[in-house]
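Q: 3D model of this:
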Amino acid sequence: MDLNLDTLKREIVDYLDSAGFAVFRGSPGGLEGLPMVLWDVEHHPDYQMFLDVARKSGAKMVIFATREFESDDIDEALEQLEACDLSREEQREYESRLRELRIFEGVTCSLELAFDCGPRLYVFEVQPDWYEEFLNLEEEISSRSEDEGDLGTGGALGGYFSKN
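A: Predicted coordinates:
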């Protein structure tokens, strides 16, 4: 979903205030590892529907977290790319795709709303298409660098073994 999350962020903050929810400003990704149920944003992208469910379930507080895309995100991917053993053409293609994403530096790339109900958190999370593309690139690069690091090492001991 290709969204302008900066606009959506302002709209949600205004809506939360007018709806009377207490807003807990969480850290992006701070819900990782917790038992949660994700809202189907693909088929039901309206955050107001999600917050209506929160209200009807008795939630008084909503966790709100956002993340801005930073130049460090791209720089780290480029550093990891340097560690890969790629052809010159592959290297250039990855570098070009990453540089194209620099136009999004400082732009909100992730937005999370969550409320607690029973043993689970119920979560509304959106990311624009361009950020999904970045995450996929990052994953490709990571898998390429891991593959290169594993070749011929014979495992964690670097191919050495004891004859004892």
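Q: now the strands for this structure?
A: Using DSSP state E, the strands of the chain run over residues 22-25, 36-38, 61-68, 108-117, 120-126.
Q: packing partners of the fourth one?
A: In terms of contact count using 3 or more CB pairs under 8 Å, 6 or more residues apart in numbering; DSSP states H and E, strand 108-117 is assigned the packing partners helix 5-19, helix 47-56, strand 61-68, strand 120-126, helix 129-150. Every residue, glycine included, has its C-beta placed from N, CA and C.
Q: coming back round to it: deepest-packed of the strands of the chain, please.
A: strand 108-117 (a mean of 21; mean count of other CB atoms under 10 Å).
Q: quick revisit: closest one to Asp6 among the strands of the chain?
A: Nearest to Asp6 among the strands of the chain is strand 108-117; the distance by CB to CB comes to 4.9 Å.
Q: partner strands of the closest one, parallel or antiparallel?
A: Strands that pair with strand 108-117, judged by DSSP bridges, come out as strand 61-68 (antiparallel), strand 120-126 (antiparallel).
Q: now do that strand against helix 129-150, angle only.
A: Strand 108-117 and helix 129-150 are oriented at 90 degrees to each other (axes from the mean of the first three to the mean of the last three CA atoms, to 10 degrees).
Q: now do the helix-or-strand element of the chain with minimal mean pLDDT: distance to the chain's middle.
A: The helix or strand with the lowest mean pLDDT-type score in the chain, counting by mean pLDDT, DSSP states H and E, is helix 129-150 (a mean of 82). Distance, stretch centre to chain centre, for helix 129-150: 13 Å (CA atoms, centre = their mean, to the nearest Å).
Q: cool, and stretch 128-147?
A: On CA atoms, centre = their mean, the centre of stretch 128-147 falls 11 Å from that of its chain.
Q: name the residues of it that are buried.
A: 128, 130-131, 134, 137-138, 141, 144-145 (16 or more other CB atoms under 10 Å).
Q: and these, which is closest to Glu90?
A: Arg144 (8.5 Å).
Q: now the residue lying closest to the closest one once chain neighbours are set aside: how far from Cys109?
A: Excluding its sequence neighbours, the residue lying closest to Arg144 (CB to CB, 6 or more residues apart in numbering) is Cys84, at 4.7 Å. Distance, Cys84 to Cys109, using CB to CB, to the nearest Å: 24 Å.
Q: contact partners for the residue most central in space within the chain?
A: In the chain, the residue lying closest to the centroid (CA atoms, centre = their mean) is Ser110, at 6.1 Å. Neighbour list for Ser110: 5, 28-29, 65-67, 125-127, 131 [criterion: CB atoms under 8 Å, 6 or more residues apart in numbering].
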